[in-house]
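1. Next come a sequence and a model predicted from it.
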Amino acid sequence: MVKLSEAEWKVMNLLWEKAPQTMMQLTSHFKDTTGWTKHTVMTFLKRMEEKDAVYYEEGGRAKLYYPKVDRKEAVLQETEEFLEKVFDGRMGLMLNTMVEQQALSREEIAELHEILRRAEEKSKEGGEAL
């Protein structure tokens, strides 16, 4: 799987939302919020191509960039690495920390209840944990 930097996540999120993008479209999008120049974006894209995270097709006057990595797979990998690094792989420890720090809103708690309810149903159906 591909290891993305924080800046590369920004580029990937845009490509996942709205692909293809030219280098100039990416630069225009990020210029105000990050200050990235054309050369900065070019460097990120080259690095991401080498990592096999993006690819391009020739599109007339400019290359058209697409994500090569599936969003769900990248998110899952990043989540697992974070959980392992910070909480020794223990989801319960992470959630307990968030509860103790009062970091969860009522809406997030309701969302977690729903997620756990669905997980329990799937576990009953298939006899395995998610």
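-> Okay, I see it. Source: prediction; values computed, not measured.
2. hey, let's count contacts and neighbours off CA atoms from now on
-> Will do.
3. Give me the residue ranges of the chain where confidence is low.
-> Within the chain, the stretches with pLDDT under 70 are 127-130.
4. Run through the helices of it in chain order.
-> Applying DSSP state H to the chain gives helices spanning 6-17, 23-34, 38-50, 71-87, 91-100, 106-126.
5. Of the ones you listed, which is nearest Gly60?
-> Minimum separation from Gly60 across the helices of the chain (C-alpha to C-alpha) falls at helix 23-34, 13.3 Å.
6. so how far is that closest one from its chain's centroid?
-> Distance, stretch centre to chain centre, for helix 23-34: 19 Å (C-alpha atoms, centre = their mean, to the nearest Å).
7. Pull out the buried positions in it.
-> With burial defined by 16 or more other C-alpha atoms under 10 Å, the residues of helix 23-34 counted as buried are 23, 26-28, 30.
8. would TSV of these with distance to Trp36 be doable?
-> Shown next, in TSV, are the buried residues of helix 23-34 (distance: C-alpha to C-alpha, whole Å):
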residue	distance to Trp36
Met23	11
Leu26	9
Thr27	7
Ser28	9
Phe30	6
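9. between the residues you listed, which is nearest Glu49?
-> Of all those, Met23 has the smallest distance to Glu49: 12.9 Å, by C-alpha to C-alpha.
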